[in-house]
Each structure stands twice: as C-alpha cells, then as structure tokens.
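K.L.:
Just need the structure, nothing else, for what follows:
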Amino acid sequence: MLCSREIFNFLVRKDVRKILKRKDSDAGERGKALEDLRASLFNKFRTSESAKRQQQRICGPVAALTFNFMVAVGIIFMNKWVLKNVGFQFPVFLTFIHYAVSWALMAILNSFSLLPASPPSKSTPLSLFTLGIVMSLSTGLANVSLKYNSVGFYQMAKIAVTPSIVLAEFIWYKKRVTFSKVIALAVVSIGVAIATVTDLQFSLFGACVALAWIIPSAVNKILWSNMQQQENWTALSLMWKTTPITLLFLVSMIPFLDPPGVLAFHWSFNNTSAILLSALLGFLLQWSGALALGATSAISHVVLGQFKTCVLLLGSYYLFGSNPGATSICGAFIAIGGMSFFTYLNLQAKKQQSPLKVPSSLPKSKLSEGSGENCNRDGFGAESV
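P.N.:
Numbers count the residues shown, from 1 in each chain. Presented below is the predicted three-dimensional model:
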C-alpha cells in the first residue's frame, strides 16, 4: 500500500507529468504521420487518373515488355509440365483455374483497398462484356490449339494475327501503318514462318480451332490497348471488371472443348501445387500482358510474342544442343532483324511526335503569357501526360 502511494506521488509530480505529456504528443505525431502516409498511398489508387499516372511512372514500355517476356517464357515451360508430366489434359478448365486464381488475388487486393479505382463510366457495359468474351475465347482456344497442334503450327497461326490487327484498327479507328512498318512486319512474319516450317503437325480439329482463335486474339489485344490508352483504365482495374465475365464464358466452353473426367483427375498435393503455380504465373502473364498493351500497342505486343518464339528456338540450340535445322535458325535471325527494324521505326516515330522544347533564352514573362492559360486549365503545366 505504501509502495503504491509512493508511485502515485511520483507520477503526479510536475516534471514527470511534462515528460509523460511529451511522450504522448510524440506518439500522437508519429501516429498522425503514419495515417498521413497511409492516406497518401490510398489516394494514389483512389482515383483512376492518379492510378493511371502511377502505372505509367512505375511500369513504362520497356519494363512492361520485359516483364511480359519473362513471365511468358516461364509459363510456357510450366504449362508444358502440367499438360505432359502432370497429365492434366483439360486446357479450357486449366484456363478457368488461371482466371479464378487471378480473380481471388484481385479480391484480396480490393479488400485492402489496394486495387486501382475504375475510371468514370466512359466504357459501356457492352464493351466490357465484349472484352470479357474475347478474353475467354483468345486464351481458351489458344490452349486447345496447343494441345492438338504443334508449337510450329501454333506460331504459323499467330502470324495471321498481325494483318488482322492492322485491318481491324484501320476499320475501327482509321489507324494507318506506314509502308516501312509494313515491310518490317512482313520480314518478321516471313522469318517466323521459315523458323517454324519444320514443325507443322496438326489435326483437322486443331486447325479449325487455330483458325477460330485468330480473330478473338486480334480483337482482344486491340480492346486492351485502346481501353487503357483512350479511356484511362489501369491494367488491374480492367482485369477486375472483365474477369467474372471471362469465367462465366469459360464455364460454357468446358463441355464442348474439354474431354470428360476432370473430377476423376488425381488431385494429389504435387499435382495441385503444379496447377496452382501455373495459375499464379497465369495471373502474372495476364497482368504483364495488360501492362504491355497499355504502354505500347497491339502490334508491338504481337511482335514481342514472335520475338519470344525466336529466342526460345535459338536458346534451345545454343544452350541445350537441340538441332532445329539450319532453315529454322536462319528464319529466326531474319525475324529478329525485322523486329529490330520495327523497333527502330517506333523509336523514330516517338522522337518526331515529342513536343519541341521552348528555348530558355526567352524572358520568363513571355513564357508565362504563352502557356499560362494551359497551365491553369489542366493543372499540370505545359507538359502533356
């Protein structure tokens, strides 16, 4: 009792009360700083404009294309392992698992308010519904084509996606491709055709699936690129809106394109882990592909896919000693040469489109008179985002 009274008397002393108040104020300031930091992080994703700027700042064209290239190479080997070594012969259901895991991961991000906000309703429900349908057709039919056809025939079918994109963008958006870019794309297509001509194994059903896949693949890339660049969507926010539609449509495709017996599959721990790892890579592939399409264009994304084919072919030859033949190797080098020329043309076009810098020797008042109206109008100065 005496000890507790001494402690109470010590705490009520004036100098001790000052120390306690100072500690409380310091803790309050630290808590307020943490709340401000948390609010600033959430504000970056709360509006579509700020989320779009963050995506463009963090993940530019080079980073997006590199990210997509690395994930695409990884998922090729992983899906080959799942379909052959694991024996999971259900390509559309595997696609369904990929999108289901993607939706679950995005739901977790959304529960922590880390999912970027959707832009104001510029996109009609019909455009989102169309994108969800072509996503399911593009991904599902691609996996079915890989099951029934060789990789070479799959790449041959992919060549037809390039002119399909050029034609569709001209019809819908009046976009024109310069003659030099047409030459570069033709060289790429010829090189890929030569590189894969020695591996043309297909069935009648597989060939029909490959032909049916061309148009949805082209439309899918065009919509992803246009909706992000023109309507201020970010990759994750657009994935969040369209994935449920894709899942519903994939469910309707399973009875027609997958063999029966998926419930009788041996769902052991190792098999399930391999399928879930493939699904995780599928989410990263979908995300990186959306980032690449938003940062570049549909045609550039197709050229990246063809570059991946050539790198895998040459890498297998130099690293693992495989012998695809001199014809295939020459075709791969021809395609890479066309891709290099296409990249050079894109860089030159960007330099020509960049705004001319105003000479710094002009008086500051004249600069403000010429650009003050624009600065006040958009709040971002004279630079355009």
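K.L.:
What is the neighbour count of the nearest residue to residue 59 once chain neighbours are set aside?
P.N.:
Nearest in space to residue 59, with sequence neighbours left out and distances taken as Cβ to Cβ, 6 or more residues apart in numbering, is residue 291 at 5.2 Å. No exception for glycine: its C-beta is placed from N, CA and C like everyone else's. Other residues lying near residue 291 total 26 when counted by other Cβ atoms under 10 Å.
K.L.:
thought residue 291 was touching residue 60?
P.N.:
No. Assessed by Cβ atoms under 8 Å, residue 291 is found out of contact with residue 60, at 9.5 Å.
K.L.:
Which helix or strand contains residue 201?
P.N.:
When secondary structure is defined by DSSP states H and E, residue 201 falls outside every helix and strand.
K.L.:
Correction: the previous question concerned residue 137.
P.N.:
helix 125-148.
K.L.:
residues contacting residue 277?
P.N.:
Contacts of residue 277 were listed using Cβ atoms under 8 Å, 6 or more residues apart in numbering, and they are residue 78.
K.L.:
got it, and residue 250?
P.N.:
92, 95, 96, 99, 136, 140.
K.L.:
and the one helix or strand the residue nearest to residue 59 maps to, what's its mean pLDDT?
P.N.:
Here residue 291, judged by DSSP H and E, is contained in helix 269-295. Averaged over helix 269-295, pLDDT sits at 92.
K.L.:
All further residue positions should be reported with the first residue as 194.
P.N.:
Noted, 194 is the first residue going forward, which turns the last one into helix 462-488.
K.L.:
For the helix or strand following it, name the packing helices and strands.
P.N.:
Next along the chain after helix 462-488, taking DSSP H and E as the criterion, comes helix 491-513. On a contact count with 3 or more Cβ pairs under 8 Å, 6 or more residues apart in numbering; DSSP states H and E, helix 491-513 meets helix 254-273, helix 344-352, helix 354-366, helix 372-389, helix 397-424, helix 462-488, helix 519-546.
K.L.:
Go through helix 491-513 and flag the buried ones.
P.N.:
Neighbour-count burial for helix 491-513, counted by 16 or more other Cβ atoms under 10 Å, picks out 491-503, 505-507, 510.
K.L.:
Disregarding flanking residues, what is the spatial nearest neighbour of residue 349?
P.N.:
residue 389 (5.9 Å).
K.L.:
Tell me how many other residues crowd the one you found.
P.N.:
27.
K.L.:
residue contacts, it?
P.N.:
Contacts of residue 389 (Cβ under 8 Å, 6+ apart): 344, 345, 346, 348, 349, 502, 521, 524.
K.L.:
ditto for residue 431
P.N.:
The contact partners of residue 431, taken as Cβ under 8 Å, 6+ apart, are 324, 417, 420, 421, 483.
K.L.:
Phi, psi for it please.
P.N.:
The phi/psi pair for residue 431 (degrees, to the nearest 10) reads phi -70, psi -40.
K.L.:
any low-confidence regions in the protein?
P.N.:
194-246, 249, 314-316, 392, 509, 512-515, 546-578 (pLDDT under 70).
K.L.:
go with 50
P.N.:
Within the chain, the stretches with pLDDT under 50 are 195, 201, 203-205, 209, 213, 234, 238, 549-578.
K.L.:
before we move on, what SS does residue 310 have?
P.N.:
Under DSSP: H, G, I helix; E, B strand; the rest coil, the three-state class of residue 310 is coil.
K.L.:
ok, now how distant is it from residue 479?
P.N.:
From residue 310 across to residue 479, the span is 20 Å (Cβ to Cβ, to the nearest Å).
K.L.:
Equivalent analysis for residue 498, please.
P.N.:
The gap separating residue 498 from residue 479 is 14 Å, by Cβ to Cβ.
K.L.:
same deal with residue 510?
P.N.:
30 Å.
K.L.:
ok, which pair from the contacts of residue 389 is furthest apart?
P.N.:
Among these, the pair separated by the greatest distance (Cβ to Cβ) is 346 and 524, at 14.9 Å.
K.L.:
picking that back up, tell me the buried residues in the helix holding residue 330?
P.N.:
321, 323-341.
K.L.:
can you dump the C-alpha coordinates of it into CSV?
P.N.:
Extracted C-alpha coordinates of helix 318-341, given in CSV (Å, rounded to 0.1, in the frame of the first residue of the first chain):
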residue,chain,number,x,y,z
PRO,A,318,-21.2,-2.4,-70.3
LEU,A,319,-21.3,-3.8,-73.9
SER,A,320,-17.6,-3.0,-74.4
LEU,A,321,-16.6,-4.6,-71.0
PHE,A,322,-18.8,-7.7,-71.9
THR,A,323,-17.2,-7.9,-75.3
LEU,A,324,-13.7,-7.8,-73.8
GLY,A,325,-14.6,-10.5,-71.3
ILE,A,326,-15.9,-12.8,-74.1
VAL,A,327,-12.9,-12.3,-76.4
MET,A,328,-10.6,-12.9,-73.4
SER,A,329,-12.1,-16.3,-72.8
LEU,A,330,-12.0,-17.2,-76.5
SER,A,331,-8.5,-16.0,-77.0
THR,A,332,-6.9,-17.7,-74.0
GLY,A,333,-9.1,-20.9,-74.1
LEU,A,334,-8.8,-21.5,-77.8
ALA,A,335,-5.0,-20.9,-77.6
ASN,A,336,-4.6,-23.7,-75.0
VAL,A,337,-6.8,-26.0,-77.1
SER,A,338,-4.7,-25.3,-80.2
LEU,A,339,-1.5,-26.1,-78.3
LYS,A,340,-3.0,-29.4,-77.2
TYR,A,341,-4.0,-30.6,-80.7
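K.L.:
can you tell which of the helices and strands packed on helix 491-513 is closest to residue 279?
P.N.:
Across those, closest to residue 279 is helix 462-488 (Cβ to Cβ), at 5.2 Å.
K.L.:
circling back: ok, the residue nearest to residue 252 - contacts?
P.N.:
248, 252, 257, 260, 261, 428.
K.L.:
And for residue 379?
P.N.:
Taking Cβ under 8 Å, 6+ apart, one finds residue 531 in contact with residue 379.
K.L.:
got it, and residue 268?
P.N.:
471, 474, 475, 477, 478.
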